[in-house]
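> Mind folding the following:
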Amino acid sequence: MRVYLVAGELSGDILGAGLMQALKARQEDIEFRGIGGPRMIAEGLESLYPLETLSVMGLVEVLKHLPELLRVRRHLKRDAMRWCPDVMIGIDAPDFNLGLERQLREAGIPTAHYVSPSVWAWRQGRVKKIARSVDAILTFLPFEAAFYERHQVPVAFVGHPLADDMPLVNERDATRRALGLSLDAPLLAILPGSRANEIRFLGATFCDAAERLCQRVDDLQLVIPAASAQRREELETLLTDYPQLSHRTHLLDSQSREAMIASDAVLLASGTAALEAMLCHRPMVVAYKMAPATHWLAQYLVKTEWISLPNLIAQETLVPELIQQAATPEAIADHLAVWFEDAEARQALEKRFATMHASLQRGASQRAAEAVIAVADRRPLPAKVLPQEPDSQ
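As a prediction, the model looks like this:
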């Protein structure tokens, strides 16, 4: 079996390596070719370009590198058609991969795309391009699969690799001990984001909210993981304006997962961190601010009722979402206080999150491999990787 794989960034390299391991377990004689990083190369990929070739972010940067990206795509098309793979899999990087997938599919090579673009949220018209480009799309989340089913695009819900990596039972007290935190005092984890702009837009608001919460929750501890050394410097500078918080706050280098497991509740910016907090089974408040022009445009482009993954997965409001003008320190503190003052509500949500975690813990790499082999053999997708009804408990 010959498998052509194209990954565009570090997360794609991790996914690709897991998929390759699962494919090798099912196929004794198998070859891999395309683009990948060190993990995929270690699994046997012959990579024609460095992984970073496709890792271009931002409109100006993409335009600057567009001639080179188009040249790489033309080369990959010619190379794949000479090599004659049984299947081609694009891993994320949809702006690059969907075009290549369409060209190879039109040439008779079966194709699949691993990781759904956020087509369900904005630019929904892209689903037509996806339908022309792939024989199957492999999704992490059930609501994504339901979207593709509605648009009659062959889809396999394979579960989320992050859910596979994280245990269904975590130890709050043991994690607090490891971080040097009090076992008895209530604890709020604050994750204002990993980008400088997020600290700029959210940092002061989150600190103001924490000050208000400290007036309502006795002996409240705060833990803030810094995504990088630069973010830590920015957070340290920010905290100098909040002397009342300084003696309560523990700054960590990375360790965002540990901070969330140790906490009683989490305040975070919208993004993947909300999914990770859900998989840590911790109640949260999701808040986000952006440049006014960006928010104005998003109001017209984004088509979803919710922005946080816990609510999207549940298809109901489980956690508060406070966006732009609604993200005031007073509102954030009020919503956070519920998780500290109402133990029954907090425990009920932790139980619900554990159930949702289990529904996503499906062996994503193994299920993705089953779907890829079905595509290569031009068979229908295995029924057991199709989406199930959302848990109603």
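> Let's test this: what are the backbone torsions at residue 130?
Backbone geometry at residue 130, expressed as degrees, to the nearest 10, gives phi -60, psi -40.
> how near is residue 202 to residue 146?
31 Å (C-beta to C-beta, to the nearest Å). Using the backbone N, CA and C atoms, a C-beta is placed for each residue, glycine as well.
> More neighbours: these two, which one.
The neighbour count for residue 202 versus residue 146, taken as other C-beta atoms under 10 Å, is higher for residue 202 (24 against 17).
> Which strand or helix spans the more buried one?
helix 196-216 (DSSP states H and E).
> Wait, a strand at residue 88?
Yes - when DSSP: H, G, I helix; E, B strand; the rest coil is applied, residue 88 is found to be in a strand.
> Pretty sure it sits against residue 79.
No - under the criterion of C-beta atoms under 8 Å, residue 88 makes no contact with residue 79, lying 10.9 Å away.
> Identify the residues contacting the residue most central in space within the chain.
Closest to where the C-alpha atoms of the chain average out (C-alpha atoms, centre = their mean) is residue 272, at 4.2 Å. For residue 272, the contact set (C-beta atoms under 8 Å, 6 or more residues apart in numbering) comprises residue 309.
> now the one 5 residues further on
Residues touching residue 277, when contacts are defined by C-beta under 8 Å, 6+ apart, comprise 191, 260, 266, 268, 284, 310.
> what are the phi and psi values for it?
Torsion angles, degrees, to the nearest 10, at residue 277: phi -60, psi -40.
> if I look at it, how far off is residue 260?
Residue 277 is 5 Å from residue 260, by C-beta to C-beta.
> Spit out the residues that contact those two alike.
191, 266.
> Just want the phi and psi numbers for residue 220.
phi -60, psi 130.
> residues near it, how many?
Around residue 220 there are 19 residues (other C-beta under 10 Å).
> May I see the buried residues of the helix holding residue 202?
198-199, 201-203, 205-210, 212-214 (16 or more other C-beta atoms under 10 Å).
> which of these lies closest to residue 374?
Of all those, residue 374 sits closest to residue 198, with 40.3 Å by C-beta to C-beta.
> Tell me how far the closest residue to the closest one other than its chain neighbours lies from residue 201.
Nearest residue to residue 198, sequence neighbours excluded (C-beta to C-beta, 6 or more residues apart in numbering): residue 269, at 5.3 Å. Going from residue 269 to residue 201 by C-beta to C-beta gives 9 Å.
> And for residue 101?
For residue 101, the distance to residue 201 - C-beta to C-beta - is 36 Å.
> the strands in the stretch 101-250 of the chain, which residues?
111-114, 136-139, 155-157, 187-191, 221-226, 249-253 (DSSP state E, counting those that start in this stretch).
> in the chain, which ranges drop under the pLDDT threshold?
Low-confidence segments of the chain (pLDDT under 70): 55-65, 121-123, 290-303, 383-393.
> In what element of secondary structure is the residue of it most remote from its centre found?
The C-alpha centroid of the chain is most remote from residue 82, which lies 34.9 Å away (C-alpha atoms, centre = their mean). According to DSSP H and E, residue 82 maps onto helix 59-83.
> Could you list the domains of the chain?
2-159+362-385, 172-358 (automatic domain parsing).
> Nearest approach to residue 165 belongs to which of those?
It's domain 172-358; of the domains of the chain, that one is closest to residue 165 (C-beta to C-beta) at 8.7 Å.
> can you give me the offset of the closest one from its chain's centre?
16 Å (C-alpha atoms, centre = their mean, to the nearest Å).
> what residues are up against the closest residue to residue 84 other than its chain neighbours?
Once flanking residues are discounted, residue 84 sits nearest to residue 2: 6.8 Å by C-beta to C-beta, 6+ apart. Contact analysis of residue 2 by C-beta under 8 Å, 6+ apart lists 30, 31, 33, 83, 84, 85, 86.
> So residue 2 versus residue 47, what's the distance?
For residue 2, the distance to residue 47 - C-beta to C-beta - is 15 Å.
> just to revisit the earlier point, most surrounded residue in the contacts of residue 2?
residue 85 (23 neighbours).
> That one is in contact with residue 5, isn't it?
No - counting by C-beta under 8 Å, residue 85 stays clear of residue 5, with 9.1 Å between them.
> Show me the common contact partners of the two, please.
By C-beta under 8 Å, 6+ apart, the residues touching both residue 85 and residue 5 are residue 33.
> quick one: residue 151 and residue 127 touch, right?
Yes - contact criterion C-beta under 8 Å: residue 151 and residue 127 qualify, at 4.8 Å.
> neighbour-wise, which of the two wins?
residue 127 (19 against 14).
> returning to that earlier point: look up how far residue 41 lies from the residue nearest to the centre of the chain.
From residue 272 to residue 41 the distance is 25 Å (C-beta to C-beta).
> for residue 353, same thing?
36 Å.
> Of these two, which one has the most company?
residue 353 (23 against 16).
> you'd agree the more buried one is up against residue 276?
No - if you go by C-beta under 8 Å, residue 353 and residue 276 don't touch, sitting 11.2 Å apart.
> ok so, going back, which of the contacts of residue 277 fall within strands?
191, 266, 268, 284 (DSSP state E).
> Tell me what the third one is bridged to.
Going by DSSP bridges, residue 268 is paired in beta bridges with residue 191, residue 286.
> burial of it, as a residue count?
For residue 268, using other C-beta under 10 Å, the count is 27.
> And for residue 332?
Based on other C-beta under 10 Å, the number of other residues close to residue 332 is 25.
> and it, that one's in a strand?
No - counting by three-state DSSP, residue 332 is not found in a strand; it is helix.
> and it, what does it touch?
So residue 332 contacts 205, 206, 209, 267, 285, 287, 322 (C-beta under 8 Å, 6+ apart).
> any idea which of the residues you listed is closest to residue 224?
Nearest to residue 224 among those, with distances taken as C-beta to C-beta, is residue 206, at 8.7 Å.
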